[in-house]
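Undergrad: build me a model:
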Amino acid sequence: AGAPEAAAAASPPRAKKPRAASRKARLIVRNLSFKCSEDDLRSLFSPFGTVLEVNVPRKPDGKMRGFAFVQLRNVLEAAKALRGMNMKEIKGRPVAVDWAVAKDKYRATQERGPGDGDKEEDEEEEEEDEEEKE
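TA: This is a model prediction of the structure:
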């Protein structure tokens, strides 16, 4: 009876690159107090799951930038942490917790402004104006 279990325990081939998959379980914590350390965040987020990594970006002069990344083991745990910690006060400041997105993807969402889909309609209107002039 133990044989099927042993076979199931062998890792499937797609588990070879866990880094890419776990990137989805990364959260960004904004409006972070400068008094809040990596250890503080680790202990605040650990009730929701396994905190794999806490990263508090700093400026070249060593000052904190006011946000941090928290990497959890999987998306389920990260989602729990997001719901549990969003708008909670840490060291007197309410923090905004959100899904961390890769820099290139984040830029793409910022560049597409409202009204990008309207370009075709504008061109059609211009053509109609020209016809009226004739």
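
Undergrad: this protein: helices as residue ranges?
TA: Ranges of helices within the chain are 2-9, 18-22, 38-45, 75-85, 103-111, 119-133, based on DSSP state H.

Undergrad: low-confidence ranges, this protein, go.
TA: 1-22, 106, 112-134 (pLDDT under 70).

Undergrad: report the contact partners of V70.
TA: R26, L27, I28, V29, L41, F45, V51, E53, V54, N55, A81 (Cβ atoms under 8 Å, 6 or more residues apart in numbering). Using the backbone N, CA and C atoms, a C-beta is placed for each residue, glycine as well.

Undergrad: dig out what the closest residue to it other than its chain neighbours forms beta bridges with.
TA: Spatial nearest neighbour of V70, chain neighbours left out: L27 (4.8 Å); criterion: Cβ to Cβ, 6 or more residues apart in numbering. For L27, the beta-bridge partners under DSSP bridges are V70, W99.

Undergrad: L27 and V95 touch, don't they?
TA: No. Contact criterion Cβ atoms under 8 Å: L27 and V95 do not qualify, at 10.3 Å.

Undergrad: ok, back up a step: looking at the contacts of V70, which one is closest to M87?
TA: Nearest to M87 among these, counting by Cβ to Cβ, is V29 at 11.3 Å.

Undergrad: and for that closest one, the neighbour number?
TA: When neighbours are counted by other Cβ atoms under 10 Å, V29 registers 27.

Undergrad: if I look at M64, how far off is K24?
TA: 25 Å (Cβ to Cβ, to the nearest Å).

Undergrad: these two: who's more crowded?
TA: Higher neighbour count among M64 and K24: M64, with 16 against 13, using other Cβ under 10 Å.

Undergrad: OK, contacts around that one?
TA: So M64 contacts L32, F34, V56, P57, R58 (Cβ under 8 Å, 6+ apart).

Undergrad: kindly report the same for L82.
TA: For L82, counting by Cβ under 8 Å, 6+ apart, the contacting residues are L27, V97, D98, W99.

Undergrad: narrow these to just the buried residues.
TA: L27, V97 (16 or more other Cβ atoms under 10 Å).
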